[in-house]
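K.L.:
Would you be able to build a 3D model of this:
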Amino acid sequence: MTPQAERALIGPRAFPFIHPSDRHVPRSWHVAKRSLDVALAGSALVVLSPLIGLAALGISCVSPGSPFFAQERVGRNGRRFKLYKLRTMVDGAHLYHDEMRALSDVDGPVLKIRNDPRLHPLGKLLRRTSIDELPNLINVLRGEMSIVGPRPPLPREVAHYDEFARRRLTVKPGITCLWQISGRSNLSFDEWMRLDNRYIDTWSPLRDLEIVAKTIPAVLRGEGAH
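P.N.:
From the prediction side, this is the model:
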């Protein structure tokens with residue numbers, strides 16, 4: 001699908017069909033969520049910067065190209081932004097996305113391959129431990145993401161969303177979410193969308209803290225991380 005076709009399917013005309021939760025959310029909750037985002041992302045970047053640097057050095061040693069990777073994703077209300085990650089694949093691997101569709105281990109419009117042949121020697125470890133996602137903290141500080149929220153999709157994925165899946169675009173995407181602590185890629189696409197919709201309808205500052213607390217053991221288990 002061409003970029004022009006993707007924009008046509010997820011542009012402003014698509015969003016009248018998005019139905020966010022009708023429940024009233026106090027303004028103070030949004031203030032608390034943003035405050036939590038800034039506090040956690042800022043402190044985590046300071047504490048984890050040596051780990052990010054070490055991982056970047058390791059990637060540079062095993063795979064030519066920049067250790068960091070910026071990829072266009074879709075955020076709240078269809079706003080596009082550059083998502084920052086540590087590169088887990090060989091340089092230029094994203095150009096072969098469509099060719100890899102037949103190897104996907106999950107259903108729906110997403111591409112998840114358990115033993116992706118495009119991974120460089122450190123890629124699998126970085127994904128299993130979620131170290132590759134640590135640069136997402138920069139996106140949180142920039143206000144493009146939240147610590148907790150649905151994972152940000154690719155434009156080509158959003159182009160195939162139905163109304164139910166499109167609801168996840170009514171909130172800021174996040175680093176961790178119910179999907180992240182519930183099995184990740186071991187879940188079907190429909191189960192993933194149900195978890196994201198449940199989050200939209202039930203989130204609160206305390207609920208976010210609960211999800212953050214459950215993320216660490218989920219990452220250590222590495223369940224569904226590929």
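
K.L.:
What is the burial count for Leu54?
P.N.:
11 (other C-beta atoms under 10 Å). Any C-beta I mention is one placed from the backbone N, CA and C, and that applies to glycine too.

K.L.:
Look at it and give its secondary structure.
P.N.:
helix (DSSP: H, G, I helix; E, B strand; the rest coil).

K.L.:
can you give me the helices in this protein?
P.N.:
Ranges of helices in the chain, per DSSP state H, are 3-10, 27-62, 123-128, 136-141, 155-158, 163-166, 189-202, 205-221.

K.L.:
per-stretch mean pLDDT over these, give me the minimum one.
P.N.:
With a mean of 45, helix 3-10 has the lowest mean pLDDT of those.

K.L.:
what sits against the residue most central in space within the chain?
P.N.:
Central residue of the chain (C-alpha atoms, centre = their mean): Arg151, 3.0 Å from the mean position. Arg151 is in contact with 173-174, 177, 179-180, counting by C-beta atoms under 8 Å, 6 or more residues apart in numbering.

K.L.:
now the helices of the chain in a markdown table, with distance to Met100?
P.N.:
Below are those laid out as a markdown table (distance: least, C-beta to C-beta, whole Å):
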| stretch | distance to Met100 |
| --- | --- |
| helix 3-10 | 18 |
| helix 27-62 | 21 |
| helix 123-128 | 14 |
| helix 136-141 | 23 |
| helix 155-158 | 12 |
| helix 163-166 | 21 |
| helix 189-202 | 17 |
| helix 205-221 | 25 |
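
K.L.:
Nearest to Tyr84 among those would be which one?
P.N.:
helix 136-141 (5.1 Å; C-beta to C-beta).

K.L.:
If we go by neighbour counts, what in the closest one is buried?
P.N.:
136-140 (16 or more other C-beta atoms under 10 Å).

K.L.:
likewise stretch 151-167?
P.N.:
151-159, 161, 165-167.

K.L.:
circling back to that earlier point, so which of the helices of the chain comes closest to Arg73?
P.N.:
helix 155-158 (7.7 Å).

K.L.:
Only alpha carbons, please: show that closest one as CSV.
P.N.:
Extracted in CSV, the C-alpha atoms of helix 155-158 (Å, rounded to 0.1, in the frame of the first residue of the first chain):
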residue,chain,number,x,y,z
PRO,A,155,0.3,3.5,9.3
ARG,A,156,0.0,0.4,7.2
GLU,A,157,-1.6,-1.4,10.2
VAL,A,158,-4.1,1.4,10.9
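
K.L.:
now for it, which elements pack on it?
P.N.:
When contacts are defined as 3 or more C-beta pairs under 8 Å, 6 or more residues apart in numbering; DSSP states H and E, helix 155-158 packs onto helix 3-10, strand 68-74.

K.L.:
For Arg27, give its distance to Met89.
P.N.:
41 Å (C-beta to C-beta, to the nearest Å).

K.L.:
Show me which of the two is the more surrounded one.
P.N.:
The neighbour count for Arg27 versus Met89, taken as other C-beta under 10 Å, is higher for Met89 (19 against 7).
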